[in-house]
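**Student:** okay, sequence plus prediction incoming.
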Amino acid sequence: MSTIIEIIDLSKQYANNRIKAIDHLSLNVEEGDIFGFVGPNGAGKTSTIRIMATLLQPNSGDILVAGHSALKQPHQVRKIIGYMPDFFGVYNDMLVWEYLDFFGACYNIPPADRNGLIRDLLELVDLTHRRNDAVEGLSRGMKQRLSLARTLIHDPQVLILDEPASGLDPRARVEIRQLLVELARMGKTIFFSTHILADVAEICTRVGIIEAGKLVAAGPLEELQQMLMPHRKVQIAVLAQPAEAMAILQATAGILSVTELHSNGAGRSRYEIEFNGDDKALSEILSSLVSKGVPVLHFSEDSRDLEEVFMRATKGLVT
Amino acid sequence: MRKGKAYIIITVYLLLMSLLVGLVYLGLASSANNVGNSGMVQTVGKVVFGIVVGVEMMMVCFVAPALTAGAISSERERQTYDLLQTTLLPARSLVLGKLTSAISFLLLLLVVGFPLQSLASLFGGVAIGEVLVAFLLLIVTAFTFSAIGLLISSLMRSTLASTVISYVAAIIVVFGEPTLIGIALSFMSMLSGLMYSSNFTAFQVQILETVLYSVGYVLVAINPLATIIASEVMLVEKQTLFYTTLPMTNGGNFPIVAPWIAYVLFYGFFSLIFIWISIRLVRRVGK
């Protein structure tokens, strides 16, 4: 895989603010990645995205998208990216298909090709049944899906999405997530900012954590977890034989502590282990329990891990 | 302009103008006993034509800013500006597209007024040259006032502020300049009185007259209504639409081209400058 987005020593300071919104940020995104750009509010996510989308000038540094400078070759970059801001810009009295047709014209797509393209895009975002409805009348989730269809109208290589799931209800969030996975399967590179950590855990192949304009951590989620949280927390529930389970766990190399969270007195017990090891070593613990006849009911890494990764990486600074 | 708004505007505009022309016609007809007099009929034709063109000129001056004052600022307000900027749409196309849309609508308003103008031709007294010059002045004015609105819209973030400033600019051009003309005329009469009562040399008088004529000419040529009236006066009194002379005290002549020519060149040039600046402003990347 080759690097498709290269953020090079990027800095941005707004005229009315003494503190830098972005402070010497460098980051690479590989082709085909679903890259989650995570950070607290005011961390510099939107500023970075706006520079990438050729809408804002940095004070120093540059962003290369497929080798083209966002600063010096904005027209080339615009051909490659599909940008979705964190708000939905709407024209009054415009119908759903007209909205896509209008932006298709803005991307110089010939009128003869637009009809089929609009049909395919509406099908992709599941809005075919709303084709002739006014854009104003759509729900927020539908508007977000329409917005995503708009970013795809010129078949861009890279999608740059600013808080795509922000303000959506749980169902709409899941739908957007599924769409992003589908788009990644279609070969798109997706760079999206978010502060919803569940989205990151669910779909991202790589993550970058930004705070006070500085990149504090970047890489695949598992690597970040290992780097920032050497001790993984795993919850295990067994149906019976709690004593055997406890003995196996305590004897396993890499397990630092075993805590019994709950026991019903009839054998059914729940434990939390702190474990220092990779995924292979973790799977071996499960094999060991099962091979020794312990009826395992539940075995999973704590989902709150990502929040802990985030908390450990950031210091709560806001510019 | 969807949902029939344009139809309503056109209907109201035509009704008001028809009413005005009808009232003027009735007024002239009732005051003139000699209906068969061809000179009188021609005067009616000229008056009807003058009123239609005058109303159209006022309409263009005050509708054009309304059409363009929100052109760019409203894109910012409805948060579509960023979306457009990240497409392949050049700033030039965006600005010229907005301008074309405004001028097309103004052109439509002018075209629907043709039947009323043709009433004047029915009475006679209006030459084809007059009709063409009037139409050219209306088009250039539409272009200019649309360009002013567009420039202010490119500068401002709020459509309300942009509309207010555009209208202030329109009011200054339409009504501010006649005030200046009035002041200049009283100053000129005062100065000419002074010239004849003082011991100025013939050369000094010539210089002063040249300055006064020049200032007066510029003031006339930069106001839409003054330009129309002055061009019409020139046509009636000097029988020309292009070039004439004004008498000077020393027996010489002060040459002038018709004010409408200067008006077209002056506003045509500044409109192009305004549009060029608007394109530069729209092209600008956020800092």
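**Tutor:** Structure's in. What do you need? Numbers count the residues shown, from 1 in each chain, chains lettered A, B, ... in the order given.
**Student:** tell me the contacts of the residue nearest to the spatial centre of chain A?
**Tutor:** With distances taken as Cα atoms, centre = their mean, residue A:36 lies nearest the centre of chain A, 3.3 Å away. Residues near residue A:36 by Cβ atoms under 8 Å, 6 or more residues apart in numbering or on different chains: A:192, A:194, A:199-200, A:203-204, A:206-208. Just so you know, the C-beta spots here come from the backbone N, C-alpha and C atoms, and that holds for glycine as well.
**Student:** and it, how far is that from chain B?
**Tutor:** 21 Å (Cβ to the nearest Cβ, to the nearest Å).
**Student:** check which helix or strand that residue maps to.
**Tutor:** Element membership for residue A:36 (DSSP states H and E) is strand A:34-38.
**Student:** what average pLDDT does that strand get?
**Tutor:** Averaged across strand A:34-38, the pLDDT comes to 91.
**Student:** now swap in stretch A:139-147 and tell me
**Tutor:** For stretch A:139-147, the mean pLDDT works out to 88.
**Student:** okay, the angle between the helix ranked longest in chain A and strand A:34-38?
**Tutor:** The longest helix of chain A (DSSP state H) is helix A:170-185. For helix A:170-185 against strand A:34-38, the angle by axes from the mean of the first three to the mean of the last three Cα atoms, to 10 degrees is 130 degrees.
**Student:** name the next helix or strand downstream of helix A:170-185, please.
**Tutor:** strand A:189-194.
**Student:** and residue 221, how many neighbours?
**Tutor:** Because you didn't say which chain, this covers chain A. 17 (other Cβ atoms under 10 Å in any protein chain shown).
**Student:** the intended chain is chain B.
**Tutor:** Other residues lying near residue B:221 total 23 when counted by other Cβ under 10 Å.
**Student:** same question for residue B:22.
**Tutor:** Counted with other Cβ under 10 Å, residue B:22 comes out at 13.
**Student:** go on, residue A:137?
**Tutor:** Here the number of neighbours of residue A:137 (other Cβ under 10 Å) works out to 11.
**Student:** and the gap between the nearest residue to residue A:50 once chain neighbours are set aside and residue B:106?
**Tutor:** Using Cβ to Cβ, 6 or more residues apart in numbering or on different chains and skipping residues adjacent in sequence, the residue nearest residue A:50 is residue A:56, 4.0 Å away. Plainly put, residue A:56 is 36 Å away from residue B:106 if you go by Cβ to Cβ, to the nearest Å.
**Student:** tell me where the stretch 201-319 of chain A is predicted with low confidence.
**Tutor:** Within the stretch 201-319 of chain A, the stretches with pLDDT under 70 are A:230, A:302-306, A:315-319.
**Student:** low-confidence stretches in chain B?
**Tutor:** B:1-3, B:32-40, B:195-200.
**Student:** can you give me the helices for it?
**Tutor:** Along chain B, counting by DSSP H, helices occupy B:5-31, B:38-68, B:73-77, B:81-85, B:91-112, B:114-123, B:128-155, B:159-171, B:177-197, B:202-221, B:224-238, B:259-283.
**Student:** give me the buried positions along the fifth one.
**Tutor:** In terms of neighbour count (16 or more other Cβ atoms under 10 Å in any protein chain shown), helix B:91-112 has its buried residues at B:91, B:94-95, B:98-99, B:102-103, B:105-106, B:109-110.
**Student:** if we can go back for a sec, give the next helix or strand downstream of the strand holding residue A:36.
**Tutor:** Downstream of strand A:34-38, the first helix or strand assigned by DSSP H and E is helix A:45-52.
**Student:** direction included, what does the helix or strand that that next one is followed by pair against?
**Tutor:** Sequence order places strand A:60-65 as the next helix or strand after helix A:45-52, per DSSP H and E. Using DSSP bridges, the strands paired with strand A:60-65 are strand A:3-12 (antiparallel), strand A:68-69 (antiparallel).
**Student:** any idea how far apart the tips of stretch B:108-121 sit?
**Tutor:** Start-to-end span of stretch B:108-121 (Cα to Cα, to the nearest Å) is 21 Å.
**Student:** show me how far it is from its chain's centre.
**Tutor:** 17 Å (Cα atoms, centre = their mean, to the nearest Å).
**Student:** return the mean pLDDT over the longest helix of chain A, rounded to an integer.
**Tutor:** On average, helix A:170-185 scores 86.
**Student:** what's the angle from that helix to strand A:189-194?
**Tutor:** Helix A:170-185 runs at 150 degrees relative to strand A:189-194, counting by the same axes, to 10 degrees.
**Student:** and helix A:170-185, what does it pack against?
**Tutor:** strand A:34-38, helix A:140-151, strand A:189-194, helix A:197-203 (3 or more Cβ pairs under 8 Å, 6 or more residues apart in numbering or on different chains; DSSP states H and E).
**Student:** anything in the second one near chain B?
**Tutor:** This means helix A:140-151. Yes: using Cβ under 8 Å from any Cβ of the partner chain, we find that helix A:140-151 touches chain B at residue A:150.
**Student:** does the next helix or strand after that helix reach chain B?
**Tutor:** Scanning forward in sequence from helix A:140-151 by DSSP H and E, the next helix or strand is strand A:158-162. No: Strand A:158-162 is not in contact with chain B by Cβ under 8 Å from any Cβ; minimum separation 8.9 Å.
**Student:** just the CA trace of strand A:158-162, in CSV.
**Tutor:** Output of strand A:158-162 as CSV, limited to C-alpha atoms (Å, rounded to 0.1, in the frame of the first residue of the first chain):
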residue,chain,number,x,y,z
VAL,A,158,-10.3,9.9,-1.0
LEU,A,159,-13.2,10.8,1.2
ILE,A,160,-12.6,13.5,3.8
LEU,A,161,-15.4,13.6,6.2
ASP,A,162,-15.7,16.0,9.2
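**Student:** now the angle from that strand to helix A:140-151?
**Tutor:** Interaxial angle, strand A:158-162 versus helix A:140-151 (the same axes, to 10 degrees): 150 degrees.
**Student:** touching stretch B:4-23 from outside, list them.
**Tutor:** Residues contacting stretch B:4-23 (Cβ under 8 Å, 6+ apart): B:48, B:51-52, B:55, B:59, B:105, B:108-109, B:112-113, B:116, B:119.
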